[in-house]
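Student: Provide a 3D model corresponding to the input given below.
(4 chains)
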2 protein chains.
Amino acid sequence: MTGERTEQGGRRREARAAGESVAEVGIKAIAEALAISPSTVSRALNGKYGVRTETRARIMDMAKRLGYVPHLGAKQLVGKSSNLVGLFAPESQREASLGFVALFPPLQRQLIAQGKHALIFSIPLANYEPGRFAECVLSRGLEGCILLPGFPEQHPMIAEAIRLGVPCVHFGTATGPRCAAVSSDNREGGRLAARLLYGLGHRRIGFIGGPPELRISRERYAGFCEGLAEFGLRHDPALAYEGSFSGASGAEAGQALWERTRRAGGMTALFCANDLMAAGAIMRLAGLGVRIPEQLSVVGYDDDPFAAYLNPPLTTVHHDAEPIDPMAIGLLLEVLEGREGRQVTLLPRIVERASAAAPGGTGPPPISS
Amino acid sequence: MTGERTEQGGRRREARAAGESVAEVGIKAIAEALAISPSTVSRALNGKYGVRTETRARIMDMAKRLGYVPHLGAKQLVGKSSNLVGLFAPESQREASLGFVALFPPLQRQLIAQGKHALIFSIPLANYEPGRFAECVLSRGLEGCILLPGFPEQHPMIAEAIRLGVPCVHFGTATGPRCAAVSSDNREGGRLAARLLYGLGHRRIGFIGGPPELRISRERYAGFCEGLAEFGLRHDPALAYEGSFSGASGAEAGQALWERTRRAGGMTALFCANDLMAAGAIMRLAGLGVRIPEQLSVVGYDDDPFAAYLNPPLTTVHHDAEPIDPMAIGLLLEVLEGREGRQVTLLPRIVERASAAAPGGTGPPPISS
DNA sequence: GTATGACTTGCAAACGTTTGCAAACATAGA
DNA sequence: TCTATGTTTGCAAACGTTTGCAAGTCATAC
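Tutor: Numbers count the residues shown, from 1 in each chain, chains lettered A, B, ... in the order given. I've put the predicted structure just below:
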């Protein structure tokens, strides 16, 4: 029952005690040093009309000498924009980082150019508690936000952003008045892979997919089947294997598929829903003595930076990550300006390297780059 | 019963014009709805001593019903902590993202747990203008900062952070009262590789390094030479090649080294300063018909996620990226609490896979995992 | 000489919050 | 009933900035 009072003295002292050794020079300090009013200083610093040129010069000079740095929080408080943009990343690391990496540098460059800063929020993929997004946005006064790749297409946050009217861009397909979206056409990527392999002469093609709860897994497979269907083929379910996008799962799946098809008609090609699984499959199968691409052609997806340096170099579906980034931030700036959010879809393309060739393996692939 | 109703319309209207459709409920709104004073609401919300339990309950209730979200900027203004941590990333994308990826998820988790948020700042590596760091810290009231991997060891920002007394952790070796550092022992990693290869029986070992202006390039090579020196060997400069950490440079360097040593004594092993270059070298050389590891053993560095799924799986120096992240953020929390900054050095270790074996290639490597 | 502007400057209120201080109230002891 | 004590509440100032308004200066035109 001790009524312990929290007596915290002047906050100055507290700051000093914590080691804050930095001079705290504000607009007032400048005003005082020059014996003028803070208002004038503010106006001068912000390049407002109505300050004598000479006064302005003196103020600028003093500001520089004193090492003045504006307090952005205070600026925000009086109603100016916060200049803060939220980057929402899914907490699951793999996905998050992948998208993040690609997005980061150009995003930064552009934001900085606008005098904006980016705040990171990491949101658990499972058990999202509604309102969490609004909380983040409101508490920091975010002007807009980017939902980084990795969130499921209909993550509640997207609906929340649209409902709240918070300018937002995400990597799905839902748009709203102030919500833009970028997506890569994963179906088309699947079709591309199917056409390539069919064109090379393959008829029995294995498929290693990702977790079916992920949209990209389903879409890539659906596209693949569609591509086959264009030639009147139905994909044999026995040739499909569910991986987890990891290299290990690719190795396991590759081996399983290979052994499974020994007795059945065999398999001459393998399409993997991402490059890491393709690498795993190649590694394992090559270790088992399978010759790539002579005995088995392999096609990946994503064109990961390492794909070109696999042995053999991996033929894969290129994702065009580079245009995605400026695009995303460009879209954000658009909605920030008040323009209507729009949907942008990027078309993937095949980059042929050495891991896919005609069955029977009579040398190098027909088209090489 | 103060009869004075403050007309707070001004800014509201502006916000609405900008499209802000979100209810702006502050501490005052709650107070008004309950006909009590804002001070009491503030105290209740912050769990301060001196509010009747029943009043507190009513306030909490109303806060929830109204969807109250505290304005963190205002909190910061009155002198509470900003709860903001700066993440400074070098603008050069490759390096930045690499470090960033590894650091991101655990960092987030821990910060969030502390109610802190992370702000990203991207700093050009060249032409750093002094004071830029201080500006960032002051303008947003950052409590501390993390200098992500990729900055040269003596980047001016580090000195600035130490001088300013801003709590900080970076990936170099300079410490200060409130500045901690994490580093991996790259020299030791080089030694490890040399010992492994020597132990396997290799005597003529090629080396593909990174740009010499990067500390890690120099250290890895220095360690490698030291390791060789332990056995009385001096590394032949003709066996060293300067790459750029890219897969393409690895391919080029590998081929150049291989051809160059044809006439000279030949080379039975190759140590690459990172995994991507190792992958590039293997890809090119294998394409040229060189059998790995029978004709040439290859050792990489970093244990990149793809390393285990190369063909053959890459023997490499493992970096222990995982412990680095919690460590960095742990160190930051330490200095944030006021403790003295300390230096932590992580020891690398070899992870043996299949790309390195005894020269002459009499089968699988001696130790396999 | 005064009126008319055009410029320049300062005052004070506002933004959303916290908190020292003092006032109001409640409870118990006398 | 009154004081002593303790609990609950409200007032107002403060944080660093912006900005509407009014007051000041000054030269020009009448």
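
Student: for the stretch 101-250 of chain A, which spans come out with low pLDDT?
Tutor: Where the stretch 101-250 of chain A drops to pLDDT under 70, the residues are A:101-106.

Student: those strands in it, which residues are they?
Tutor: A:117-123, A:144-147, A:168-170, A:179-184, A:205-209, A:240-242 (DSSP state E, counting those that start in this stretch).

Student: which stretch among those strands comes nearest A:Glu340?
Tutor: strand A:179-184 (8.5 Å; C-beta to C-beta). From N, CA and C alone the C-beta is placed, and that goes for glycine too.

Student: tell me the SS of A:Val299?
Tutor: strand (DSSP: H, G, I helix; E, B strand; the rest coil).

Student: Out of the strands of the stretch 101-250 of chain A, which one sits most buried?
Tutor: Across those, the average number of neighbours (mean count of other C-beta atoms under 10 Å in any protein chain shown) peaks for strand A:168-170, which reaches a mean of 30.

Student: Name every strand pairing with that one and say which way it goes.
Tutor: If you go by DSSP bridges, strand A:168-170 pairs up with strand A:144-147 (parallel), strand A:179-184 (parallel).

Student: okay, these in a markdown table with distance to B:Val299 next?
Tutor: Shown next, in a markdown table, are the strands paired with strand A:168-170 (distance: least, C-beta to C-beta, whole Å):
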| stretch | distance to B:Val299 |
| --- | --- |
| strand A:144-147 | 40 |
| strand A:179-184 | 36 |
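
Student: Out of the ones you listed, flag the one nearest DNA strand C.
Tutor: strand A:144-147 (19.4 Å; C-beta to the nearest atom of the strand).

Student: and the closest one, C-alpha only, in PDB?
Tutor: What follows is strand A:144-147, C-alpha atoms only, in PDB (Å, rounded to 0.1, in the frame of the first residue of the first chain):
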ATOM      1  CA  GLY A 144       0.400   6.200 -46.700                       C
ATOM      2  CA  CYS A 145       1.600   2.700 -46.600                       C
ATOM      3  CA  ILE A 146       3.100  -0.100 -48.600                       C
ATOM      4  CA  LEU A 147       2.100  -3.600 -47.800                       C
END
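
Student: and the strands paired with strand A:168-170 as JSON lines, adding distance to DNA strand D?
Tutor: JSON lines is the format used below for the strands paired with strand A:168-170 (distance: least, C-beta to the nearest atom of the strand, whole Å):
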{"stretch": "strand A:144-147", "distance to DNA strand D": "20"}
{"stretch": "strand A:179-184", "distance to DNA strand D": "28"}
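
Student: export the strands of the stretch 101-250 of chain A to TSV and tack on distance to B:Gly287?
Tutor: Compiled in TSV, the strands of the stretch 101-250 of chain A are given as follows (distance: least, C-beta to C-beta, whole Å):
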stretch	distance to B:Gly287
strand A:117-123	41
strand A:144-147	40
strand A:168-170	41
strand A:179-184	30
strand A:205-209	24
strand A:240-242	28
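
Student: want to throw the ones you listed into TSV with distance to DNA strand C?
Tutor: Shown next, in TSV, are the strands of the stretch 101-250 of chain A (distance: least, C-beta to the nearest atom of the strand, whole Å):
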stretch	distance to DNA strand C
strand A:117-123	18
strand A:144-147	19
strand A:168-170	22
strand A:179-184	25
strand A:205-209	48
strand A:240-242	48
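
Student: and A:Ile205, what is it in contact with?
Tutor: Contact analysis of A:Ile205 by C-beta atoms under 8 Å, 6 or more residues apart in numbering or on different chains lists A:194, A:197-198, A:228, A:235, A:239, A:267-271.

Student: if we go to 7 Å?
Tutor: A:Ile205 makes contact with A:197, A:239, A:267, A:269-271 under the criterion C-beta atoms under 7 Å, 6 or more residues apart in numbering or on different chains.

Student: try A:Ile292
Tutor: A:282, A:285-286, A:298, A:312, A:355.

Student: again, only this time at 8 Å
Tutor: A:282, A:285-286, A:298, A:312, A:355, B:311.

Student: How much space separates it from A:Arg353?
Tutor: 11 Å (C-beta to C-beta, to the nearest Å).

Student: cool, and A:Ser244?
Tutor: 24 Å.

Student: More neighbours: these two, which one.
Tutor: A:Arg353 (23 against 20; other C-beta atoms under 10 Å in any protein chain shown).

Student: Test my guess that that one contacts A:Val317.
Tutor: No. Assessed by C-beta atoms under 8 Å, A:Arg353 is found out of contact with A:Val317, at 11.8 Å.

Student: What pLDDT is listed against A:Ala307?
Tutor: Here, the pLDDT recorded for A:Ala307 equals 96.

Student: Could you check how far the nearest residue to it once chain neighbours are set aside is from A:Gly280?
Tutor: Computed as C-beta to C-beta, 6 or more residues apart in numbering or on different chains, the closest residue to A:Ala307 that is not its neighbour in sequence is A:Leu314, at 4.3 Å. Distance of A:Leu314 to A:Gly280, given as C-beta to C-beta: 12 Å.

Student: cool, and A:Leu347?
Tutor: Between A:Leu347 and A:Gly280 the computed distance is 27 Å (C-beta to C-beta).

Student: Among those two, which residue is more densely surrounded?
Tutor: A:Gly280 (30 against 10).

Student: so that one is in which element?
Tutor: Take DSSP states H and E as the rule and A:Gly280 turns out to sit in helix A:275-287.

Student: That helix versus strand A:205-209: what angle between them?
Tutor: Here helix A:275-287 points in a direction 130 degrees away from that of strand A:205-209 (axes from the mean of the first three to the mean of the last three C-alpha atoms, to 10 degrees).
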